[in-house]
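K.L.:
Pasted the sequence and its predicted model underneath.
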Amino acid sequence: MAKEAEGDHRSDDAMVNSPLLRACRRKTVDMTPVWLMRQAGRYLPEYRALRERYSLLELCRHPELAAEVTLQPLRRYPLDAAIIFADILLPVLALGVPLSFAEGEGPVIGAPIRDPAAVDRIPEPDESPLWPVAEAIRIVRAELPERVAVIGFAGAPFTLASYLIEGGSSRQYVRTKRFLLTERSAWERLLERLTELTIRYLMLQVRAGAEVVQLFDSWAGALAPAVYRDAVLPWTRRIVAAVRELGVPVIVFSTGTAGYLDLVADTGADVIGVDWRIELDRAWNAIGARAIQGNLDPAWLLAPAEDLRKAARDVLDRAAGRPGHIFNLGHGVLPETSPDAVAILVEFVHEYSAGVRD
Ligand code: CP3
């Protein structure tokens, strides 16, 4: 009864029954939990079929559609988590920033932020474009068994700021770095605004039923360690602390940060998501006593099944059955991937890791 009154979806039972939540807290599991970044997406014919009728933003705007896309991979594979279908750039709509997705080119920001005055023109957020995400989470949570964790997510401030400043994807992040290095106080004001918005967005997701939150700092690896520590880390750390305060574990994912994973761990995240540019055991040494997520190169899903299994086995052997490993790719599933390869991988991770523990 007391539990009911708290209205808490993170009941003790869920803690016991969800291998992914257990791994976040470095508790023992019967088999290694596995989910894949971009597990919903273009490699699935059923996703492509929906995309013929709706744009990416339309999918995000309609909770039933976003929930449907989220659930597509769960119908095919015994995954341990569902990541809610949205995009890290969705929150910029709450700041009145025009956003579109150009075919084959990725995101396009209508009015990039290129000077301090543009930062000061950012209006107070109107969160209504984010409400459908919360509604999609409610639908997905109700559809899935307790065993499957629902993951909410947001972009971390640096990666989000890089899109706002560059106007889209980038190779060198020259505009972003110039802004950060020459307009330091405006940079801090920008990160401040993004941090506040992100905290509110994640609270919305947690209240709707997200049991874990992943922060995507996909492009943090563009920075030198000292710049990351000084100009990015404090804001990411604030978001992590705000979510953890709700009793929800946080995964911080980045790529290209193998040289400073200790700093990424300083975000205070429960779980550090790592890419494939470092071996899992070495990454684990670098982050110390916390959980780890990763880190198979997604390209292995394009290789012959036996080689895919071997590469996955190497990741699992490096984890060596230690509590606190969540199996994932080192970045998202490539659109060229065969759905059958994903089936092989998920089955292998479960079977092999269960065997190691016998
Ligand atoms: O299954 C899931 O992972 C959930 C859905 C999800 C999407 N984007 C949907 C999407 C998630 C978690 C994201 C995160 C995201 N979006 C990141 C961080 C993860 C990463 O890959 O580093 C970034 C950097 C973005 C920004 C973004 N969105 C880019 C660069 C692109 C274009 C590149 C591409 O993959 O096409 C997008 C578009 C996008 N977001 C697609 C999907 C399924 C593909 C486009 C489509 O369906 O038309």
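P.N.:
Okay, I see it. Numbers count the residues shown, from 1 in each chain.

K.L.:
The ligand contacts on the chain?
P.N.:
Contact residues, the chain versus the ligand (C-beta under 6 Å from any ligand atom): 37-42, 51, 56, 83, 85, 87-89, 101, 106-107, 153, 169, 216, 218, 332. From N, CA and C alone the C-beta is placed, and that goes for glycine too.

K.L.:
can you tell me the residue of the stretch 1-150 of the chain closest to the ligand?
P.N.:
Nearest to the ligand, among the residues of the stretch 1-150 of the chain, is Gly106, at 3.3 Å (C-beta to the nearest ligand atom).

K.L.:
Report how many residues lie close to that residue.
P.N.:
11 (other C-beta atoms under 10 Å).

K.L.:
contacting residues around it?
P.N.:
Residues near Gly106 by C-beta atoms under 8 Å, 6 or more residues apart in numbering: 168-169.

K.L.:
could you measure it against Ile88, distance?
P.N.:
Relative to Ile88, Gly106 is positioned 12 Å away (C-beta to C-beta, to the nearest Å).

K.L.:
same thing with Ala242?
P.N.:
With distances taken as C-beta to C-beta, Ala242 is found 18 Å from Ile88.

K.L.:
ok, now Leu56?
P.N.:
Using C-beta to C-beta, Leu56 is found at 12 Å from Ile88.

K.L.:
Mind checking which of the residues of the chain next to the ligand are buried?
P.N.:
Using 16 or more other C-beta atoms under 10 Å as the burial test, these include 37-41, 51, 56, 83, 85, 87-89, 107, 153, 216, 218, 332 as buried.

K.L.:
Now, those residues that are in helices?
P.N.:
Counting by DSSP state H, the part of those found in helices is 51, 56.

K.L.:
The buried ones among the residues of the chain next to the ligand in strands, which ones?
P.N.:
Using DSSP state E, the subset of those located in strands is 83, 107, 153, 216.

K.L.:
pLDDT value on the last one, please?
P.N.:
What the model reports as pLDDT for Phe216 is 98.

K.L.:
can you check the third one too?
P.N.:
Phe153 is assigned 98 on the pLDDT scale.

K.L.:
Need the three-state assignment for the closest residue in space to it that isn't next to it in sequence.
P.N.:
Excluding the flanking residues, the one nearest Phe153 by C-beta to C-beta, 6 or more residues apart in numbering is Gln214, at 4.5 Å. Recorded secondary structure, Gln214: strand (DSSP: H, G, I helix; E, B strand; the rest coil).

K.L.:
On the strand side of things, show who Gln214 bridges to.
P.N.:
Beta bridges link Gln214 to Phe153, Ile251, judged by DSSP bridges.

K.L.:
so who does it touch?
P.N.:
Applying C-beta under 8 Å, 6+ apart to Gln214 gives the contacts 83, 151-153, 250-253, 273.

K.L.:
From Tyr54, how far off is it?
P.N.:
Per C-beta to C-beta, Gln214 is found 24 Å from Tyr54.

K.L.:
what do you get for Asp217?
P.N.:
Asp217 sits 29 Å away from Tyr54 when distances are taken as C-beta to C-beta.

K.L.:
and what of Glu143?
P.N.:
When Glu143 is compared with Tyr54 (using C-beta to C-beta), they lie 20 Å apart.
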